[in-house]
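starting from these lines, generate the structure:
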Amino acid sequence: MTLPNMITIMRLLLVPAVVLAMLQSLWGWAFAGFLVAGISDGVDGFIARRWNQSSRLGAYLDPIADKLLLVSVFVVMGFAGELPLWLVVMMVSRDGLIVCAVLLSSVMSNPVEVKPLFVSKANTAAQIVLAALVLGELAFAVHLGPLRTGLILLTGVLTVASAAAYLVAWLRHMSGYGEGSRTSNSQNDVTKSGNTKSGIGRSGGSGTDA
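Numbers count the residues shown, from 1 in each chain. Predicted structure coming up:
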């Protein structure tokens with residue numbers, strides 16, 4: 001197993017530790033665990049690129065670890081009253097819709113690959129900053145009300161925008177597939193020489209945020 005994958009697995013194991021610390025109101029430990037997870041995310045990516053240790057396993061585990069940490073932190077903070085539940089519902093619903101779209105595409109024999117959009121990267125960044133801010137407030141007993149409110153609103157807007165962008169891209173993908181299937185009987189198989197998968201969105205780099 002490569003070093004980046006070991007770091008990613010460590011980040012996965014940090015998720016229940018962070019959640020447990022939050023449930024016990026050990027905000028300092030929760031904040032520290034969240035920071036370690038965030039730093040490890042950058043470290044494993046750097047090592048994978050620098051020493052060519054990228055792997056298929058890492059490509060799957062890395063976004064799962066990131067999403068699991070963020071969703072867990074948001075859900076706990078939502079039920080603790082530190083974040084509005086409407087924001088948590090929006091976040092979980094967006095991720096659920098993306099998963100459903102991917103599964104539906106596979107069932108319809110038209111698999112789609114989710115690629116990171118700029119708005120989805122901005123949304124993820126806003127979620128990370130908001131989670132770190134709230135955990136930091138609780139850990140150090142400070143109050144940054146206006147800043148927190150602004151970040152909550154920004155995260156909500158970006159969540160909706162990201163969901164809409166992926167929905168439009170998915171509908172275009174499915175519509176294009178439908179048109180292609182109607183004309184495939186009258187066209188040569190040469191038109192199928194491209195990739196068997198197309199992506200929701202455009203790849204903005206090597207990131208895996210969705």
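
now do the contacts for residue 126.
151, 154-155, 158 (Cβ atoms under 8 Å, 6 or more residues apart in numbering). From N, CA and C alone the C-beta is placed, and that goes for glycine too.

skipping adjacent residues, who's closest to it in space?
Residue nearest to residue 126 in three dimensions, not counting chain neighbours: residue 155, with 4.4 Å by Cβ to Cβ, 6 or more residues apart in numbering.

can I assume that neighbour sits in a strand?
No. Going by DSSP: H, G, I helix; E, B strand; the rest coil, the assignment for residue 155 is helix, not a strand.

residue 122 is in contact with that one, correct?
No. The pair formed by residue 155 and residue 122 falls short of the contact definition of Cβ atoms under 8 Å, at 9.8 Å.

compare neighbour counts for these two and give me the winner.
residue 155 (25 against 17; other Cβ atoms under 10 Å).

quick one: pLDDT of the more buried one?
Here the pLDDT value assigned to residue 155 is 98.

show me where pLDDT drops low in this structure?
Within the chain, the segments meeting pLDDT under 70 span 177-209.

which helices and strands does whichever strand or helix holds residue 77 pack with?
Using DSSP states H and E, residue 77 falls within helix 56-79. Packing contacts for helix 56-79, counted by 3 or more Cβ pairs under 8 Å, 6 or more residues apart in numbering; DSSP states H and E, involve helix 3-23, helix 27-50, helix 85-107, helix 118-140.

just put the ones you listed in a markdown table and tack on distance to residue 62.
Formatted as a markdown table, the helices and strands packed on helix 56-79 follow (distance: least, Cβ to Cβ, whole Å):
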| stretch | distance to residue 62 |
| --- | --- |
| helix 3-23 | 5 |
| helix 27-50 | 7 |
| helix 85-107 | 16 |
| helix 118-140 | 12 |
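
wait, which of those is closest to residue 147?
Of all the helices and strands packed on helix 56-79, it is helix 118-140 that lies closest to residue 147, at 6.8 Å by Cβ to Cβ.

list the contacts of the closest residue to residue 14 other than its chain neighbours.
Closest residue to residue 14 apart from its sequence neighbours, by Cβ to Cβ, 6+ apart: residue 37 at 4.9 Å. Each residue near residue 37 by Cβ under 8 Å, 6+ apart is listed here: 11, 14-15, 18, 65, 69.

helix 27-50 and the helix holding residue 77, what's the angle between them?
160 degrees (axes from the mean of the first three to the mean of the last three Cα atoms, to 10 degrees).

buried ones in helix 56-79?
By neighbour count on 16 or more other Cβ atoms under 10 Å, the buried set for helix 56-79 is 58, 61-63, 65-78.

next one: stretch 40-52
Quick answer for stretch 40-52 (16+ other Cβ under 10 Å): 40-41, 44-45, 47-48.

give me the residues contacting it.
Residues outside stretch 40-52 that contact it (Cβ under 8 Å, 6+ apart): 2-5, 7-8, 10-11, 14, 53-55, 58, 62, 65-66, 206.

mind giving me the PyMOL command for buried ones among these?
Applying 16+ other Cβ under 10 Å to the contacts of stretch 40-52, the buried members can be selected in PyMOL as follows:
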select buried, resi 2+4+5+7+8+11+14+54+58+62+65+66
